[in-house]
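K.L.:
My questions concern the predicted model and sequence given below.
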Amino acid sequence: MKRLGALLLSVVWVFTGCVSDEENAQIIFEQEVQKIEQYVTQNPIASVKEAIDGGTGIRIYWTEVSGSGVKVALGDTVFVNYTGKLLNNIVFDTSIEATAKANNLFNPNRTYEPLEFIIGRGMVIPGFEFGVFNLEKGDKATVIMPSLYAYGSQGNGGIPANSPLIFELELVDIKENPLADD
């Protein structure tokens with residue numbers, strides 16, 4: 001009987017230790033999607049258009065639609081003003097000097113101007129790029145993403161691990177990919 005108890009205890013220990021990293025990531029993802037839903041319920045975003053990508057959990061709330069019709073394509077260089085926040089609304093980064101000053105983030109050695117990057121090169125976190133890719137030139141939107149599409153379990157500087165992020169974006173300009181086929 002002692003051996004059966006020891007065997008049963010071993011089996012229980014093995015199975016409780018068998019939650020894979022993938023299953024753990026799925027649990028974290030589902031918890032973050034719930035936190036984002038709670039955030040949006042408690043902090044409604046006035047928007048003229050919205051989209052929720054069910055597969056990624058990324059939400060886009062357009063606060064201004066330009067109607068420019070100028071869309072982003074892979075390989076285009078984009079210029080984006082942004083403000084990044086945690087779900088507690090603490091600003092952690094911005095390309096806008098006045099916002100940096102208002103949130104005690106101002107760095108006199110930094111140039112405050114739109115972020116420039118090439119779409120499709122992985123130069124920014126995936127959720128940020130996804131948000132920008134869905135905007136037209138002149139659009140302003142708030143993009144909310146689970147940490148899987150931000151800094152994940154690693155975190156980054158003042159961003160804790162497994163933190164869903166909010167980015168207020170303005171797609172200021174698009175420079176077409178010079179190699180794009182016309």
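P.N.:
Great, that's in hand.
K.L.:
Quick one: mean pLDDT for the longest helix anywhere in the chain?
P.N.:
Assignment by DSSP state H gives helix 21-42 as the longest helix of the chain. Regarding helix 21-42, the rounded mean pLDDT is 92.
K.L.:
Could you spell out the sheet neighbours of the helix or strand following that helix, each with its direction?
P.N.:
The helix or strand immediately downstream of helix 21-42 is strand 49-53, counting by DSSP states H and E. If you go by DSSP bridges, strand 49-53 pairs up with strand 58-64 (antiparallel).
K.L.:
The partner strand: how far from the chain's middle?
P.N.:
12 Å (C-alpha atoms, centre = their mean, to the nearest Å).
K.L.:
got the buried residues for stretch 108-122?
P.N.:
Burial within stretch 108-122, assessed by neighbour count using 16 or more other C-beta atoms under 10 Å, is assigned to Pro114, Leu115, Phe117, Ile118, Ile119. To be clear about C-beta, it is placed using only N, CA and C from the backbone, and glycine gets the same treatment.
K.L.:
Quick check: the first one touching Ile174?
P.N.:
No. In this structure Pro114 lies outside contact range of Ile174 using C-beta atoms under 8 Å: 11.1 Å.
K.L.:
Overlap of the contact sets of those two?
P.N.:
Phe79 (C-beta atoms under 8 Å, 6 or more residues apart in numbering).
K.L.:
What are the contacting residues of stretch 68-84?
P.N.:
91-96, 99, 114-120, 128, 132-139, 165-177, 179-180.
K.L.:
Out of these, name the ones that lie in helices.
P.N.:
Thr99, Phe128, Val132, Phe133.
K.L.:
pLDDT score for the first one?
P.N.:
This means Thr99. 98.
K.L.:
on that earlier part again, please pick the buried ones from the contacts of stretch 68-84.
P.N.:
Applying 16+ other C-beta under 10 Å to these flags 91-96, 99, 114-115, 117-119, 128, 132-139, 165-172, 174, 177 as buried.
K.L.:
For the longest helix of the chain, list the C-alpha coordinates in CSV.
P.N.:
Coordinates of each C-alpha in helix 21-42 appear next as CSV, following Å, rounded to 0.1, in the frame of the first residue of the first chain:
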residue,chain,number,x,y,z
ASP,A,21,5.4,26.6,-21.7
GLU,A,22,2.9,26.8,-24.6
GLU,A,23,0.0,26.0,-22.2
ASN,A,24,1.4,28.6,-19.8
ALA,A,25,1.6,31.2,-22.5
GLN,A,26,-2.0,30.4,-23.5
ILE,A,27,-3.2,31.0,-19.9
ILE,A,28,-1.3,34.3,-19.7
PHE,A,29,-2.7,35.3,-23.1
GLU,A,30,-6.3,34.6,-22.0
GLN,A,31,-5.8,36.5,-18.7
GLU,A,32,-4.4,39.5,-20.6
VAL,A,33,-7.3,39.5,-23.0
GLN,A,34,-9.6,39.6,-20.0
LYS,A,35,-7.5,42.5,-18.5
ILE,A,36,-7.8,44.4,-21.8
GLU,A,37,-11.6,43.8,-21.8
GLN,A,38,-11.8,45.1,-18.3
TYR,A,39,-9.6,48.2,-19.1
VAL,A,40,-11.8,49.1,-22.1
THR,A,41,-15.0,48.7,-20.1
GLN,A,42,-13.6,51.0,-17.3
